[in-house]
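Student: Take this sequence and fold it.
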Amino acid sequence: MQGREFAKPEYGIVQTDIPARLDALPWSRFHTLVIVALGITWILDGLEVTLTGALAGILKEKTTLGLSNAEIGLASTAYLCGAVAGALFFGWLTDRLGRKKLFFITLATYLVSTAATALSWNFPSFAVLRAATGAGIGGEAAAVNSTIQELIPARARGWCDLAVNGSFWIGAAIGAAGSIILLDPAVIDPAWGWRLAFIIGAVLGLVIFLMRFWIPESPRWLMTHGQARRAEAIVMEIEHRAAPSGQGMIAEDRAVARLQARSHTPLVEVARTLLRTYPQRTAVGLALMASQAFFYNAIFFTYALVLTDFYGVPAGNVGWYLLPFAAGNFLGPLLLGRLFDTVGRKTMIGITYATSGILLAGAGYGFERDLLSAEMLTVAWMMIFFFASAAASSAYLTVSEIFPLEIRALAIAFFYAVGTGVGGAGAPWLLGVLIDTGSRSSVALGYDLGAALMIAAALVEWRWGVAAEKRSLERVAKPLTFLD
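Tutor: The predicted structure follows:
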């Protein structure tokens, strides 16, 4: 499958039924492996985000880096800015060089950077290394999401994508649990414990790096890039693993498409596709991504600061509050995910976004009036983010399935970058500044802004969203290379 006979691209008109065959496959061990080996990206992202939040209290102490609240917020912003840059650069390369090459490069970038973060000696070094770590995670978002979309059958695409993105909170739980142990003076000196905390992600990522050797290149990408024979060989092998006798193959779904293979898609055509061919879809993608980015980054990156500054929770105990918070976030996409394939995308995306916004506004009111204890606030976050996690995951699902195959990775990167840059990069800094005022009313204003953005995004989805459930990617958005 990886031999020399497939090494040289052959550009020309190709007839293929590869997309239909991939969508007709029964679920198999192969698909499970794809989800595990590639879905680990969000576990790593959750680990990174949680570590920064859970370690916020200890990083303010003079025995560590002695950071201020504003600097902690800026470090989080640096991570997000790195993710933006990494998503754009690696997303562009993913559509040109292939999915598989890039999900190795991006994971390696993450591994080296997060391990190096443990060696930070001051705020500038910490911020720079956080930015580099973010670049790896941002690149992963484009390479991994596009691969999962193109290998998973259409009937299960929504639930799988939500479950994978929801796995972010498994990483969050690992980070929270790790911080509890590594910040416990009875176990290890916290001045060293925070450094060891960053090693957790590197060790986990190294194991997953080895697992990814089992994942093939996307046949959909190969067939449009002059490697139709290699794509055919990969699909035949997947079929052999999943359905040795051909069971599960539906004859009427075996539609044949004609396409003109190409080496790459010019950036001018990418821009034209996003802005002229699909302007309405582009607006929907931006609304969903920007609103959930602000919502999450504003609250989650500064959650530990709220606990320590307003409720007097010791820095070493923050992890205990993050564990139930993470559980609610993980269960949301897992339990609601199948409804996105049955009830439908537009309905479920709108409901989860609107519910998240309404509940956050209520929690902000309770926080402002000092009606909530630290424990009650945690219960409120669990309820809010049960829906918000499904909503955020559906934003990634949306932007990865409503645009043509040839620009999928770059489209994911673009919306991730713009959404994070516009909606999320400044959010931790803004909430950090509001927390520094010591005013509950000021912090509540930040929460109200996040709530308003989520409700507005729900209205945009209800009006202009795309009903992509159970439809092949090629029917949702016709590939640019298709001739029929």
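Student: quick one: the helices in the stretch 201-350 of the chain?
Tutor: Under the criterion DSSP state H, counting those that start in this stretch, helices of the stretch 201-350 of the chain are mapped to 219-224, 228-242, 267-272, 279-300, 303-310, 318-336, 339-342, 345-368.
Student: Looking at those helices, which is nearest to Val187?
Tutor: Within the helices of the stretch 201-350 of the chain, the stretch nearest Val187 is helix 318-336; the backing value is 12.6 Å (Cβ to Cβ). C-beta coordinates here come from the backbone N, C-alpha and C atoms, glycine included.
Student: tell me the angle that closest one makes with helix 303-310.
Tutor: Helix 318-336 runs at 140 degrees relative to helix 303-310, counting by axes from the mean of the first three to the mean of the last three Cα atoms, to 10 degrees.
Student: Tell me how many other residues crowd the nearest residue to Tyr353 once chain neighbours are set aside.
Tutor: Leaving aside its chain neighbours, Tyr353 sits nearest to Ala458 (3.7 Å; criterion: Cβ to Cβ, 6 or more residues apart in numbering). Residues near Ala458, counting by other Cβ atoms under 10 Å, number 25.
Student: roughly how far apart are Met383 and Leu307?
Tutor: 17 Å (Cβ to Cβ, to the nearest Å).
Student: Just the buried positions in stretch 92-105, please.
Tutor: Residues of stretch 92-105 classed as buried: 92-95, 97-100, 102-103, 105 (neighbour count, 16 or more other Cβ atoms under 10 Å).
Student: Dump those to a markdown table, plus secondary structure, distance to Arg471 and pLDDT.
Tutor: What follows is these, written out as a markdown table (DSSP: H, G, I helix; E, B strand; the rest coil; distance: Cβ to Cβ, whole Å; pLDDT from 0 to 100):
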| residue | secondary structure | distance to Arg471 | pLDDT |
| --- | --- | --- | --- |
| Trp92 | helix | 27 | 87 |
| Leu93 | helix | 28 | 87 |
| Thr94 | helix | 23 | 86 |
| Asp95 | helix | 22 | 85 |
| Leu97 | helix | 28 | 84 |
| Gly98 | coil | 25 | 84 |
| Arg99 | helix | 21 | 85 |
| Lys100 | helix | 26 | 85 |
| Leu102 | helix | 26 | 86 |
| Phe103 | helix | 25 | 80 |
| Ile105 | helix | 31 | 89 |
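Student: Quick one: those residues as TSV, columns for distance to Glu61 too.
Tutor: As requested, the buried residues of stretch 92-105 are exported to TSV (distance: Cβ to Cβ, whole Å):
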residue	distance to Glu61
Trp92	41
Leu93	40
Thr94	41
Asp95	45
Leu97	44
Gly98	46
Arg99	43
Lys100	43
Leu102	39
Phe103	37
Ile105	36
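Student: ok, which pair from those is furthest apart?
Tutor: It's Trp92 and Lys100 that sit farthest apart of these, by Cβ to Cβ, at 16.2 Å.
Student: ok, so of the buried residues of stretch 92-105, who is nearest Phe330?
Tutor: Nearest to Phe330 among the buried residues of stretch 92-105: Phe103, at 22.7 Å, using Cβ to Cβ.
Student: what separates the closest one from Leu38, distance-wise?
Tutor: From Phe103 across to Leu38, the span is 7 Å (Cβ to Cβ).
Student: for stretch 142-153, what is the average pLDDT?
Tutor: Taken as a whole, stretch 142-153 has an average pLDDT of 84.
Student: going forward can the numbers begin at 422, since that is how I track them
Tutor: Sure, I'll start numbering at 422, so the last one becomes stretch 563-574.
Student: which residues touch it?
Tutor: 443-446, 448, 452, 455-456, 459-460, 462, 508, 511-512, 515, 520-521, 523-524, 527, 578, 581-582, 585, 636, 639-642, 817, 821-822, 826, 829-831, 833-834, 837, 894 (Cβ atoms under 8 Å, 6 or more residues apart in numbering).
Student: Hmm, Gly560 and Leu465 touching each other?
Tutor: No: Leu465 sits out of contact with Gly560 when judged by Cβ atoms under 8 Å, with a separation of 11.9 Å.
Student: Which one of those two is surrounded by more residues?
Tutor: The neighbour comparison of Leu465 against Gly560 (other Cβ under 10 Å) goes to Gly560, with 33 against 28.
Student: buried stuff in the helix or strand that contains the more buried one?
Tutor: Applying DSSP states H and E as the criterion places Gly560 in helix 544-572. Using 16+ other Cβ under 10 Å as the burial criterion, the residues of helix 544-572 that qualify are 544, 547-572.
Student: Check which element follows it along the chain.
Tutor: Assigned by DSSP H and E, the successor of helix 544-572 is helix 578-587.
Student: send the alpha carbons of that next one over as PDB?
Tutor: Extracted in PDB, the C-alpha atoms of helix 578-587 (Å, rounded to 0.1, in the frame of the first residue of the first chain):
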ATOM      1  CA  ARG A 578     -19.900  11.200  11.400                       C
ATOM      2  CA  GLY A 579     -21.700  13.600  13.700                       C
ATOM      3  CA  TRP A 580     -21.600  11.500  16.800                       C
ATOM      4  CA  CYS A 581     -18.000  10.500  16.300                       C
ATOM      5  CA  ASP A 582     -16.900  14.000  15.700                       C
ATOM      6  CA  LEU A 583     -18.600  15.300  18.800                       C
ATOM      7  CA  ALA A 584     -17.300  12.400  21.000                       C
ATOM      8  CA  VAL A 585     -13.800  13.000  19.700                       C
ATOM      9  CA  ASN A 586     -13.900  16.700  20.400                       C
ATOM     10  CA  GLY A 587     -15.500  16.100  23.700                       C
END
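Student: Also compute the angle for the next helix or strand after that helix relative to helix 739-757, please.
Tutor: Next along the chain after helix 578-587, taking DSSP H and E as the criterion, comes helix 589-603. Helix 589-603 and helix 739-757 are oriented at 160 degrees to each other (the same axes, to 10 degrees).
Student: So for helix 589-603, what gets flagged as buried?
Tutor: 589-601, 603.
Student: what packs against the helix or strand of the chain with the lowest mean pLDDT?
Tutor: Every helix and strand of the chain was ranked by mean pLDDT, DSSP states H and E. The lowest is helix 477-480, at a mean of 72. When contacts are defined as 3 or more Cβ pairs under 8 Å, 6 or more residues apart in numbering; DSSP states H and E, helix 477-480 sits against helix 611-632, helix 724-731.
Student: Phi, psi for Gly487 please.
Tutor: phi 60, psi 40 (degrees, to the nearest 10).
Student: That one against Lys481, yeah?
Tutor: Yes: the criterion here is Cβ under 8 Å, and Gly487 meets it with Lys481 at 6.9 Å.
Student: the more surrounded of these two?
Tutor: Lys481 (18 against 12).
Student: could you measure the spatially closest residue to the more buried one that is not a sequence neighbour against Tyr500, distance?
Tutor: Residue nearest to Lys481 in three dimensions, not counting chain neighbours: Leu488, with 5.5 Å by Cβ to Cβ, 6+ apart. Taking Cβ to Cβ as the measure, Leu488 falls 14 Å from Tyr500.
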